[in-house]
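Novice: sequence first, predicted coordinates after that:
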Amino acid sequence: MSLARPEERGTAAMLTRPRLHELDRQDPLAAVRERFALPEGVLYLDGNSLGPASKAMSGRIGEVVAVEWGGDLIRAWNRRGWFRLPERVGARIAPLLGLASDEVVAADSVSLNLFKLLSALLRRAADRRVVLAERSNFPTDLYIAEGLVGMLRDLASGEGPELRLVGAEEFLGSLGPDVAVATLTQVDFRTGRKRDLRRVTRAARDHGVPVVWDLSHSAGAFALDLRADGVEFAVGCGYKYLNGGPGAPGFLAVVRERQEELRPGLAGWMGHAEPFRFETGYRPGAGMRRFVTGTPPVLSMAALEEGLRVFESLDLGALRRKGEALGDLFIRLVDQRLSGFGVSVASPRRAAARGSQVSLRHGDGFAVMQALIARGVIGDFREPDLLRFGFAPLTVRYVDLWDAVEALRDVLASGEFREERHRRRAAVT
Ligand SMILES: Cc1ncc(COP(=O)(O)O)c(C=O)c1O
């Protein structure tokens, strides 16, 4: 789809609401939005935090409860294939990552999956002792690395591994023969800045360093090709662009060639080669099964599986094109409509360097976002001053960009964000 008419290309032509409407009419993904249960009067730009429910979701969960659990009781573990849900759901995620179906499992949370991979790779690394991470990684990734390294150091009376935190620009220069494993997030949760998976993974490999990528803000937002990019290890979220529901299981990916080399530091009976032999010692299951730890949460797995159905036979290239276009157009509208209101663009302006979100800075960002949410325009806020707008390509319309920017303009122009009610903080921002 062409985003700009020939006469508009390369110019700063003014965008109009009818023009954006026209883009919606041409959008090959427009029909997919109809599969989601989005509330009336709400403009949802937070699918990068929690994806919306599909219309089929409650029916499917009801069916699992009433028919599978209700009817089959414990027999459902075999009859309904519950035991294989980690692999079954992983196989649905795999094409979105550019991997084979036996290279991904759905399990636990991003945090736990990262622990499993970091511990296994640290163990494999023998004499290399450094875990390298970028300071701007999502905090849970840093805490997991800190906890793992701290525990091993305490056990080794301070002689164990070391966590090295570096700035984004220092990362490549910090790779060296002492680094056992590195962990990075592809799309920065604050600014939406997108790392080049291929370039960074190759640079690390030249130093013998495996990288565990956190793809929480990538999977389902745009097509990935991990195999082609040489990525061997990844984790990611099920509740954002994969629409698996609040607290949905995460995923863990390891390319086939590396699976048998790894022994997870978080070994549980469901990842054992033969769990129902109840042996005393742990023997890792074949392939990705070893990364399953405890009993899969069946209702949450069923929800994630249902959320992923929306991606069946979707043109994944269209995801990226629309995500980029939404971000580009939003930035153009911000430039066009919000100059003089104390707002600046915090995300890369170049689409190739950006995930499917745009963050804006405003000195009173928290209150501005609360005022927007009160108007039904839902984004979120990240400290200290970031207004985040997520453009999930399956559910956001082009015309929503116009309406969101106009609402933001009203909030800023009227000063309504200064009202006391927009300053109250809840537990989740
Ligand atoms: C990049 C990234 N990693 C991890 C998480 C959270 O991980 P978990 O599923 O363990 O809560 C988030 C949550 O927003 C995230 O943005």
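Specialist: Here it is on my side, so go on.

Novice: could you chop this structure up by domain?
Specialist: Domain ranges of the chain: 17-54+315-423, 59-309, per automatic domain parsing.

Novice: so which of the ones you listed is nearest the ligand?
Specialist: domain 59-309 (3.3 Å; C-beta to the nearest ligand atom). (Glycine included, C-beta is placed from N, CA and C.)

Novice: quick check, the closest one touching the ligand?
Specialist: Yes. For domain 59-309 and the ligand, the contact criterion (C-beta under 6 Å from any ligand atom) is met by 109-111, 138, 140-141, 185, 189, 214, 216-217, 237, 250.

Novice: can you turn the buried part of the residues you listed into a ChimeraX selection?
Specialist: The buried subset of those, as determined by 16 or more other C-beta atoms under 10 Å, is captured in ChimeraX by this line:
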select :109,110,138,140,141,185,189,214,216,217,237,250
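
Novice: of the residues of domain 59-309 next to the ligand, which belong to helices?
Specialist: Using DSSP state H, 110-111, 140-141 are the members of these that sit in helices.

Novice: any chance of JSON lines for those, columns pLDDT and distance to T201?
Specialist: Listed next are those as JSON lines, based on pLDDT from 0 to 100; distance: C-beta to C-beta, whole Å:
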{"residue": "V110", "pLDDT": "98", "distance to T201": "19"}
{"residue": "S111", "pLDDT": "98", "distance to T201": "22"}
{"residue": "T140", "pLDDT": "98", "distance to T201": "22"}
{"residue": "D141", "pLDDT": "98", "distance to T201": "17"}
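
Novice: can you list the weak-confidence ranges in the stretch 151-300 of the chain?
Specialist: For the stretch 151-300 of the chain, no stretch has pLDDT under 70.

Novice: for it, what spans make up the helices?
Specialist: Per DSSP state H, counting those that start in this stretch, the stretch 151-300 of the chain carries helices over the ranges 197-206, 226-229, 256-259, 298-309.

Novice: what's the third one in contact with?
Specialist: Contacts of helix 256-259 with the rest of the structure, by C-beta atoms under 8 Å, 6 or more residues apart in numbering, involve 100, 102-103, 232-233, 287-288, 290.

Novice: could you redo the last one with a cut-off of 10 Å?
Specialist: 99-100, 102-103, 120-121, 124, 210, 227, 232-233, 284, 286-291 (C-beta atoms under 10 Å, 6 or more residues apart in numbering).

Novice: can you say which of the residues you listed are buried?
Specialist: Buried residues within these, counting neighbours by 16+ other C-beta under 10 Å: 99, 102-103, 120-121, 210, 232-233, 284, 288-291.

Novice: and the strands in the stretch 201-350 of the chain?
Specialist: With DSSP state E, counting those that start in this stretch, the ranges of strands along the stretch 201-350 of the chain come out as 211-214, 233-236, 250-254, 344-345.

Novice: partner strands of the second one, with direction?
Specialist: Looking at strand 233-236 with DSSP bridges, its paired strands and their directions are strand 211-214 (parallel), strand 250-254 (antiparallel).

Novice: ok, T395 - contacts?
Specialist: Residues near T395 by C-beta under 10 Å, 6+ apart: 29, 32-36, 38, 44-45, 47, 51-52, 54, 241, 243, 310.

Novice: phi first, then psi, for E159.
Specialist: E159 adopts backbone torsions of phi -100, psi 0, taken as degrees, to the nearest 10.

Novice: hmm, V149 and it touching each other?
Specialist: No. Contact between E159 and V149 fails when scored by C-beta atoms under 10 Å: they sit 12.0 Å apart.

Novice: tell me which of those two has more neighbours.
Specialist: Shown here are E159 and V149; by other C-beta atoms under 10 Å, V149 has more neighbours (21 against 9).

Novice: in what helix or strand does the more buried one lie?
Specialist: In the assignment (DSSP states H and E), V149 maps to helix 139-155.

Novice: tell me which residues of that helix come out buried.
Specialist: For helix 139-155, the neighbour count (16+ other C-beta under 10 Å) marks 140-142, 144-145, 148-149, 152-153 as buried.

Novice: got it, and stretch 176-191?
Specialist: Buried, per 16+ other C-beta under 10 Å, within stretch 176-191: 178-191.

Novice: export those as a markdown table, with columns for distance to R60.
Specialist: As requested, the buried residues of stretch 176-191 are arranged in a markdown table below (distance: C-beta to C-beta, whole Å):
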| residue | distance to R60 |
| --- | --- |
| D178 | 49 |
| V179 | 44 |
| A180 | 42 |
| V181 | 38 |
| A182 | 38 |
| T183 | 34 |
| L184 | 35 |
| T185 | 31 |
| Q186 | 30 |
| V187 | 29 |
| D188 | 33 |
| F189 | 29 |
| R190 | 34 |
| T191 | 36 |
